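In: quick one, what's the 3D model for this:
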Amino acid sequence: MSAADLDDSAAAQLSGLVPRRSYLLALLVFIGALILVFATWTVARDRELRSAESEFQTRTEVVTDLMRQRLIYYELVAGGGVSLFASVSRPTPQQWRAYVEGMNLGRRFPAMLGLGFGGYVRSSRLPDLQTEWRESGYGMLEVRPRGVRRDYGPILYLEPKTAANIAAIGYDMYSEPTRAAAMLAALETGQPQLTGPVQLIQDGSEHKVGLVLYLPVYRGGDRPQSLDARRSSMQGWVYVPFRVQRFVETSMGTAFKDARFRVYDVGQGAASLLYASPGEASAETSAFHHSTTLEVYGRRWRIDFESTPQAQAAPRLASLQNMLALGLFASLLLYAVALTLARTEARARKIALRMTEDYRRSETRFRSAMRYSAIGKALLDSEGRIVEANPSLIAIVGRNEAALRGMRFDGLFENEDHEMVGKANGRTDTDGVHRATRRLHREDGLVRQVQLTYSPVPGNVGQDISGLVQVEDVTERLRAEARVHALNRTLEARVALRTRELSQANQELEAFAYSVSHDLRAPLRAIEGFSRVLIEKHAAQLDEPGRDYLSRVRKAAGRMGELIDALLHMSRLARSELKLDRVDLSRMAGEVVEELRTSDPQRNIEVAIAPGLEVVGDAALLRNLLANLLGNAWKFTRGNPAARIEFAAQNNAQGMPEFYVRDNGAGFAQEYVGKLFRPFQRLHSDSDFPGHGIGLASVKRIVERHGGTIRAEGVEGKGATFTFTLPGE
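Out: Numbers count the residues shown, from 1 in each chain. Take a look at the predicted model:
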C-alpha cells in the first residue's frame with residue numbers, strides 16, 4: 001500500500017470518527033438532561049411530600065391540643081362545683097341546680113350529660129345519710145346496687161334534671177371497679193382523675209363509650225397534705241360524665257371534621273378504643289401516619305392519625321407532574337437541537353475533509369508536473385545569471401548543467417531582450433510576472449522558439465536568488481499551457497464551489513442557531529395561547545379540576561417567560577455601559593416609595609428617608625437598585641401592622657459612607673445569607689411572598705459594577721438590613 005493510500009485511509013477513519021463523537025455527545029446531552037429533569041423532579045417531589053407531612057403533623061398536634069383544652073374546660077366546670085362546697089359545708093340541691101343552670105352546659109358543653117356530686121359514705125354512715133336525706137325533704141335515697149360494702153359513693157346531685165339523670169340518683173359509683181379506681185386515685189392524690197371507658201348510667205343498654213372526670217371534695221374546701229388526713233376529711237366527688245364521641249366532635253369544631261384518627265386508652269393493660277373518626281375507613285392507602293400520646297388526669301391516651309390519600313394530602317404533586325412533562329419535552333427539544341448541530345457539523349467536516357483532500361492531491365499533481373514536465377526551469381540571481389536548472393531546461397538548450405551554471409541567461413538567445421535584461425536587473429512590471437517569446441540558439445545549430453515566463457521568487461536567507469524563469473518550446477508550451485490553465489481553472493472553480501458550499505453551510509448553521517434561540521419561547525407561547533383559547537371557548541365543557549389545571553399550566557408558562565425575561569434583564573445589566581453622574585439617592589428613594597404607595601394604597605407604612613444622600617453613579621442602575629431593595633422591604637413587611645422602612649447612611653470603620661435599607665418584616669435566618677444574592681434562590685415560598693429570586697442578584701451586580709460591596713443581616717420574624725457601598729468616581 002502506498003503512502004497516499006495510507007493517508008486516504010487515515011482521513012477516512014478520522015472523517016468517520018468525528019461524526020460518531022458528535023452523535024455520542026448529542027446522546028450524552030440528552031441523557032444528562034433527562035437525569036437533571038428527573039433529579040429536579042424527585043427533589044421537588046420529596047420536598048413537597050415532606051412539607052405535606054409536616055402540615056399533617058401540625059394538624060394532629062392541633063387536634064390533640066383541642067381535646068386537651070376541652071378537658072381543661074371540663075375540669076374548670078367541675079372545679080366550680082368544688083368551690084361551691086368550699087363556701088358551704090354541703091350545698092342544697094337547689095343551690096346545686098342554680099350553679100349548673102348558670103353554667104348553661106347544654107349549649108357550651110354538649111358532650112357533658114350533667115354535673116353531679118357523689119358522696120363518700122362509710123358503711124356505718126349509710127343509714128344516717130338516708131335518714132338525713134329523707135328528713136331534709138328530698139325523698140327516699142335508695143342506694144344501688146344493693147349489698148353491704150365498706151365504702152359507698154352514691155350519686156346525690158346530678159343536674160340538669162333530665163329523666164336519665166333523675167334515674168341515676170342513688171347509683172353507687174364506688175361499686176363499679178373502673179369508676180372506683182378513678183375515685184380512689186382522686187381521693188388519695190387530691191387531683192382530678194379520669195376513668196377508663198365505662199358504660200354511663202344515662203345510656204342504659206345503648207353501647208356508647210363514656211368517661212367520667214372526678215374531682216375530690218374535702219371538708220373546708222382545702223386539700224389535706226397527708227393521705228390519712230385526706231381520707232378522714234373526704235366528703236365526696238364532683239364528677240362530670242360525658243360521651244367520648246360527642247366530646248371529640250365538639251372539641252374539634254368544624255375546622256377539623258375531615259381529620260381521620262383513632263383514640264385509644266392505654267392507661268393500664270391492653271389498649272381500649274375510645275373513638276374512631278367516621279371518615280377513617282377508605283379503600284385508598286393513606287399518605288401519612290402519626291401517633292401521639294396525651295396524658296389526661298391519670299390516664300394515657302394514644303391517638304393514631306391517618307392522612308387522606310396522597311392525591312388529597314399533597315395536592316401540589318399534580319403540578320410537579322406537569323413540570324416533569326415540560327422538562328421531558330425540553331430535554332427532547334435540546335436533544336433535537338444537539339442532534340441537528342451534530343449532523344451539521346458532520347456535513348461541514350465532510351466538506352472540509354473533501355476540500356483538504358482535493359487540495360492535497362492537487363498539490364501532489366502540481367509537484368509531479370513540476371518535476372517531470374517538459375518545461376525547463378532556471379533560478380536566476382540578481383545579475384540574471386543561472387543558479388540552478390532542471391533537466392528539462394538542460395534538454396531544451398542542449399548544454400550540460402555545469403556549462404549553464406553561472407552563465408547569463410540572456411546569452412542563450414539570438415538577440416538581447418531589453419525587457420529580460422531589465423528583469424535580470426531587478427525591474428518588475430505591475431503584476432510582478434514577465435512573459436516573452438524569444439528565439440533560442442542551441443549549440444547544435446537548432447533554433448527553437450521558446451516561451452519565457454519570469455517571476456520574482458525569494459531565495460533562502462543568504463542565497464542570491466531573485467527570480468524563476470520557465471522555458472518551453474512553443475508547441476509544447478501551448479499544449480502544456482492549455483492543460484495547466486484548464487487544470488487551474490478547474491481547481492479554482494472547485495475550490496470556489498467548495499468554499500461557497502462551506503459558506504452556505506455556515507450561514508445555514510448561523511440561521512438555525514438564531515432561529516432556535518429566537519424561538520425558545522415558542523413552546524411557551526403555544527402553551528399559553530392554546531390554554532387561553534381552550535379556557536375562553538371551551539370552559540363550559542371542562543369541569544372545575546380541568547379549569548384549575550389549565551390555570552396552573554398558564555401560570556407555569558407565564559412564570560417561565562418571566563424567568564427568561566429576568567435572565568435577559570440580568571444579562572443587560574452586565575453589558576450596559578455605565579453613565580456616571582451625580583445622583584440624589586434621597587430624592588430617588590422618595591420617588592420609589594411614592595410609586596409603591598400608589599400601587600398599594602391600602603397599606604400604611606412608616607418610611608424614613610435620610611436627606612442629602614448623594615453619590616456618583618449610573619442613575620438608571622441606581623434606581624433599579626433602590627426599587628429592588630425598597631420593594632423587597634415593602635413586600636416582606638406585609639404581615640406586620642406596624643411596618644417601618646428606613647433608608648439612611650452611616651460611616652464604616654474606614655470613614656467611608658455605607659447606605660442601608662432596614663425593615664421590621666419577615667426577615668431571614670442568618671445561616672442562609674449566602675443564598676440571598678444568587679439568582680433564583682429564595683428563602684420564602686412563592687405563596688407567602690411572590691417573586692422570581694432575581695432582584696437581589698441584580699442589586700449585587702449593580703453594586704459591584706460601581707465598585708462597591710453589599711451585605712445582608714437578618715433575624716427571622718424581626719426584619720432585615722441590607723448595607724451597601726458606592727465608592728463613587
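
In: where does pLDDT dip in the stretch 501-650 of the chain?
Out: In the predicted model, the stretch 501-650 of the chain carries pLDDT under 70 at residues 502-522, 524-526, 555-577.

In: show me where the stretch 1-150 of the chain has strands.
Out: For the stretch 1-150 of the chain, the strands defined by DSSP state E, counting those that start in this stretch occupy 115-119, 121-122.

In: quick one: these as a markdown table, columns for distance to Glu61 and mean pLDDT too.
Out: To be clear about C-beta, it is placed using only N, CA and C from the backbone, and glycine gets the same treatment. Listed next are the strands of the stretch 1-150 of the chain as a markdown table, based on distance: least, C-beta to C-beta, whole Å; pLDDT from 0 to 100:
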| stretch | distance to Glu61 | mean pLDDT |
| --- | --- | --- |
| strand 115-119 | 30 | 92 |
| strand 121-122 | 43 | 90 |
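
In: looking at these, which one is packed in the most?
Out: Among those, ranked by average contacts under mean count of other C-beta atoms under 10 Å, first place goes to strand 115-119 (a mean of 25).

In: any stretches of the stretch 1-150 of the chain with poor pLDDT?
Out: The stretch 1-150 of the chain contains residues with pLDDT under 70 at 1-19.

In: of the strands of the stretch 1-150 of the chain, which is nearest Ala311?
Out: strand 115-119 (45.9 Å; C-beta to C-beta).

In: so how far is that closest one from its chain's centroid?
Out: 62 Å (C-alpha atoms, centre = their mean, to the nearest Å).

In: stretch 271-278 too?
Out: Relative to its chain's centre, stretch 271-278 lies at 42 Å (C-alpha atoms, centre = their mean).

In: send the alpha carbons of that stretch over as PDB?
Out: This file holds the C-alpha atoms of stretch 271-278, laid out as PDB (Å, rounded to 0.1, in the frame of the first residue of the first chain):
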ATOM      1  CA  ALA A 271     -55.500  -0.600  74.700                       C
ATOM      2  CA  SER A 272     -59.200   0.200  74.600                       C
ATOM      3  CA  LEU A 273     -60.700   2.000  71.700                       C
ATOM      4  CA  LEU A 274     -62.400   5.200  72.800                       C
ATOM      5  CA  TYR A 275     -63.200   6.900  69.400                       C
ATOM      6  CA  ALA A 276     -62.800   6.200  65.700                       C
ATOM      7  CA  SER A 277     -63.400   9.100  63.300                       C
ATOM      8  CA  PRO A 278     -66.200   8.400  60.700                       C
END
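
In: could you give the average pLDDT over that stretch?
Out: Stretch 271-278 carries an average pLDDT of 86.

In: please identify the buried residues of it?
Out: Of all the residues in stretch 271-278, those buried under the rule 16 or more other C-beta atoms under 10 Å are Leu274, Tyr275, Ala276, Ser277.

In: how about residues contacting that stretch?
Out: 196-197, 209, 211, 244-245, 248, 259-266, 301-302 (C-beta atoms under 8 Å, 6 or more residues apart in numbering).

In: what about burial for those residues, which qualify?
Out: Of the members of these, the ones counted as buried by neighbours, 16+ other C-beta under 10 Å, are 196-197, 209, 211, 244-245, 248, 259-265, 301.

In: which of those has the weakest pLDDT?
Out: Lowest pLDDT of the buried ones among the contacts of stretch 271-278: Ala259, 75.

In: residues in contact with Thr723?
Out: With C-beta under 8 Å, 6+ apart, Thr723 has these contacts: Glu658, Phe659, Tyr660, Ile710, Arg711, Ala712, Glu713.

In: could you do Glu658 as well?
Out: By C-beta under 8 Å, 6+ apart, the contact set of Glu658 is Ala649, Gln650, Asn651, Asn652, Thr723, Phe724, Thr725.

In: on that earlier part again, from the buried ones among the contacts of stretch 271-278, which land in helices?
Out: When DSSP state H defines the helices, the subset of the buried ones among the contacts of stretch 271-278 inside them is Val244, Gln245, Val248.

In: ok, now which ones touch the last one?
Out: Just to be clear, that refers to Val248. Applying C-beta under 8 Å, 6+ apart, we find Val248 in contact with Met67, Val263, Tyr275, Ser277.

In: one step back: closest to Ala436 among the ones in helices among the buried ones among the contacts of stretch 271-278?
Out: Val248 (121.0 Å).

In: distance check, the closest one against Pro278.
Out: According to C-beta to C-beta, to the nearest Å, Val248 and Pro278 sit 11 Å apart.

In: again with Val88
Out: Distance, Val88 to Pro278, by C-beta to C-beta: 45 Å.

In: where does the stretch 201-350 of the chain dip in pLDDT?
Out: Low-confidence regions of the stretch 201-350 of the chain, defined by pLDDT under 70, span residues 254-257, 268-269, 279-284.

In: quick one: buried residues of stretch 708-726?
Out: By neighbour count on 16+ other C-beta under 10 Å, the buried set for stretch 708-726 is Gly708, Ile710, Ala712, Gly714, Gly719, Ala720, Thr721, Phe722, Thr723, Phe724, Thr725, Leu726.

In: repeat that for stretch 307-322.
Out: Ser307, Thr308, Gln310, Ala313, Ala314, Leu317, Ser319, Leu320.

In: same deal with stretch 130-144?
Out: In terms of neighbour count (16+ other C-beta under 10 Å), stretch 130-144 has its buried residues at Gln130, Trp133, Leu141, Val143.

In: ok, how many other residues are close to Pro601?
Out: By other C-beta atoms under 10 Å, 8 other residues sit near Pro601.

In: secondary structure class for it?
Out: Of the three states, Pro601 takes coil according to DSSP: H, G, I helix; E, B strand; the rest coil.

In: so what does it have for phi and psi?
Out: Main-chain torsions, Pro601, degrees, to the nearest 10: phi -70, psi -20.

In: roughly how far apart are it and Glu594?
Out: Going from Pro601 to Glu594 by C-beta to C-beta gives 11 Å.

In: hang on, the earlier thing: any idea which of the buried residues of stretch 307-322 is closest to Ala352?
Out: The nearest member of the buried residues of stretch 307-322 to Ala352, counting by C-beta to C-beta, is Leu320 at 46.5 Å.

In: go ahead and confirm the closest one touches Glu48.
Out: Yes - using C-beta atoms under 8 Å, Leu320 is in contact with Glu48, at 6.4 Å.

In: intersection of neighbour lists for these two?
Out: By C-beta under 8 Å, 6+ apart, no residue touches both Leu320 and Glu48.

In: quick one: the strands in the stretch 301-450 of the chain, in order.
Out: Ranges of strands in the stretch 301-450 of the chain, per DSSP E, counting those that start in this stretch, are 376-380, 386-389, 434-441, 447-456.

In: now the angle from the third one to strand 376-380?
Out: Angle of strand 434-441 versus strand 376-380, following axes from the mean of the first three to the mean of the last three C-alpha atoms, to 10 degrees, is 110 degrees.

In: give me the angle between strand 434-441 and strand 447-456.
Out: If you take the same axes, to 10 degrees, strand 434-441 sits at 150 degrees to strand 447-456.

In: report all helices and strands that strand 434-441 contacts.
Out: The contact analysis (3 or more C-beta pairs under 8 Å, 6 or more residues apart in numbering; DSSP states H and E) places strand 434-441 against helix 418-424, strand 447-456.

In: and the longest one, what's buried?
Out: Applying a neighbour-count criterion of 16+ other C-beta under 10 Å, the buried positions in strand 447-456 are Arg448, Val450, Gln451, Leu452, Thr453, Tyr454.
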